[in-house]
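Asker: Quick one, what's the 3D model for this:
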Amino acid sequence: MSRSGFFQKHPWVLHTLIAIAVSIVIVILVFIILKHYGRVGQEYETPYVVGLYVDELTDEGLGLHYVIVDSVYQSNQRGGYILRQDPDSGSLIKKGRKIYLTVTSFNPESTNVPDLHSLSVRNAISQLENAGLHGGKLRFVDDPHHVVLEQKYKGRTVAAGRQMEKGAQIDLVVGRGTGSGTTIVPYLVGMSPTKARRNILSASLNIGAEHYDGIKDMSRVIVFKQSPDYTGRSTLEYGQQVELWYCDKSVVAMEELERMKQRQIDDSLRMLEALINGETAGEDNESAYRLTTLDEF
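Answerer: Predicted coordinates:
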């Protein structure tokens with residue numbers, strides 16, 4: 001029996017073979033198309049763009065598309081400065097990938113200056129931050145009340161309710177009070193710059209020199225050294241400065257940060273015990289409150 005005669009007698013065999021052949025061809029074509037459009041095996045490292053401005057970006061020859069998804073106002077940076085990127089640098093990506101960016105805003109937002117008169121320094125700094133402003137320099141004058149007496153911007157008194165750009169620094173004139181005029185040096189190691197500055201000002205101290213040597217990614221910065229150092233009992237007069245050194249938090253092992261945190265807890269418990277035993281009786285209420293407050297990392 002000839003082959004054609006076989007297929008004429010059993011046509012379903014011919015149809016089956018044709019279907020198998022067509023299926024194989026389709027599968028091969030699909031793999032070829034996927035390899036071409038999916039660029040299988042063609043992956044590249046994501047470039048590091050944090051610290052650049054958006055007008056400095058290039059597609060690195062990869063056809064990358066940069067998409068701004070969020071903006072943050074910073075008074076010390078012009079608009080378009082890249083703060084964060086997603087995916088992170090070093091991640092494997094394909095050509096034509098979108099890189100999502102968080103940048104400093106081009107147009108500053110405005111806010112109303114709060115009324116800080118007669119507030120404690122701690123409360124005044126908190127009110128400023130809630131309004132999107134920052135505490136600036138503290139200047140202390142002789143007054144029986146340890147509260148804010150005046151609020152200033154660039155040397156001039158600024159009234160409550162005045163509209164200002166977010167991120168502006170408001171200087172405070174504060175009374176020395178009738179206490180010792182000294183305050184406990186806060187523990188700052190492991191904190192972000194924003195939190196460290198807030199704690200310094202809340203302790204009635206001023207922010208000294210800040211060192212960022214070799215740091216590129218400002219979103220990953222933490223304090224690794226302070227001067228004066230924290231001892232749990234070291235004090236400074238109101239208005240004295242605290243100097244800070246920063247590093248990338250990836251440089252500091254997590255175990256070391258845990259050790260630092262445990263040291264803070266242990267020292268604070270010792271201070272609380274001393275407070276209960278009356279060893280800090282000469283200090284004002286706000287200083288005593290600072291002795292027993294633990295700040296989270």
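
Asker: The stretch 51-200 of the chain: helices as residue ranges?
Answerer: 121-130, 193-202 (DSSP state H, counting those that start in this stretch).

Asker: I'd like those helices laid out as JSON lines, including mean neighbour count.
Answerer: Using the backbone N, CA and C atoms, a C-beta is placed for each residue, glycine as well. Written out in JSON lines, the entries for these read as follows (neighbours: other CB atoms under 10 Å):
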{"stretch": "helix 121-130", "mean neighbour count": "19"}
{"stretch": "helix 193-202", "mean neighbour count": "20"}
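
Asker: between these, which gets nearest to Ile82?
Answerer: Among these, the nearest to Ile82 by CB to CB is helix 193-202 (17.7 Å).

Asker: Out of the helices of the stretch 51-200 of the chain, which is closest to Val158?
Answerer: When these are compared (using CB to CB), the closest one is helix 121-130, at 11.3 Å.

Asker: follow-up on the earlier one: Serialize the helices of the stretch 51-200 of the chain to CSV and add fields for mean pLDDT.
Answerer: Listed next are the helices of the stretch 51-200 of the chain as CSV, based on pLDDT from 0 to 100:
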stretch, mean pLDDT
helix 121-130, 95
helix 193-202, 94
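
Asker: Distance check, Gly232 against Pro186.
Answerer: Plainly put, Gly232 is 11 Å away from Pro186 if you go by CB to CB, to the nearest Å.

Asker: roughly how far apart are Gly135 and Ile170?
Answerer: Gly135 sits 7 Å away from Ile170 when distances are taken as CB to CB.

Asker: more neighbours, Gly232 and Pro186?
Answerer: Taking other CB atoms under 10 Å, Gly232 and Pro186 do not tie; Pro186 has more neighbours (21 against 17).

Asker: neighbours of Ser192, just the number please.
Answerer: Residue neighbour count, defined by other CB under 10 Å, stands at 18 for Ser192.

Asker: tell me the phi and psi of it?
Answerer: Dihedral angles phi and psi of Ser192 (degrees, to the nearest 10) take the values phi -70, psi 160.

Asker: Name whatever forms a beta bridge with the nearest residue to it once chain neighbours are set aside.
Answerer: Closest residue to Ser192 apart from its sequence neighbours, by CB to CB, 6 or more residues apart in numbering: Ile222 at 6.1 Å. With DSSP bridges applied, Ile222 shows beta-bridge pairing to Cys247.

Asker: Assess the claim that Ile222 and Tyr246 are in contact.
Answerer: Yes: with the criterion set as CB atoms under 8 Å, Ile222 and Tyr246 qualify as a contacting pair; they are 6.7 Å apart.

Asker: give me the number of residues near His65?
Answerer: Counted with other CB under 10 Å, the burial measure for His65 works out to 11 neighbours.

Asker: Domains of this structure: list them as residue ranges, please.
Answerer: Per automatic domain parsing, the domain ranges recorded for the chain read 3-38, 44-104, 110-291.

Asker: Mean pLDDT lowest where, among those?
Answerer: Set side by side, the domains of the chain differ in mean pLDDT, and domain 3-38 is lowest with a mean of 74.

Asker: so who does Ala160 touch?
Answerer: Neighbouring residues of Ala160 by CB atoms under 8 Å, 6 or more residues apart in numbering: 112-117, 151.

Asker: what about it, distance to Thr183?
Answerer: To Thr183, Ala160 is 26 Å away according to CB to CB.

Asker: circling back to that earlier point, which one of the helices of the stretch 51-200 of the chain lies closest to Ile68?
Answerer: Between Ile68 and those, the shortest separation by CB to CB is 22.2 Å, and it involves helix 193-202.

Asker: helices or strands up against that closest one?
Answerer: helix 121-130, strand 134-141, strand 206-211, strand 221-227, strand 241-248 (3 or more CB pairs under 8 Å, 6 or more residues apart in numbering; DSSP states H and E).

Asker: Out of the helices of the stretch 51-200 of the chain, the one nearest Ile26 is which?
Answerer: Distances from Ile26 to each of those were compared by CB to CB, and the smallest falls on helix 193-202, at 58.6 Å.

Asker: angle of the closest one against strand 134-141?
Answerer: With axes from the mean of the first three to the mean of the last three CA atoms, to 10 degrees as the basis, helix 193-202 and strand 134-141 are set at 20 degrees to each other.

Asker: Mind listing residues that contact helix 193-202?
Answerer: 121-122, 125-126, 129, 134-135, 138, 186, 188, 191, 206-207, 210, 221, 223, 226, 242, 244, 246, 290, 295.
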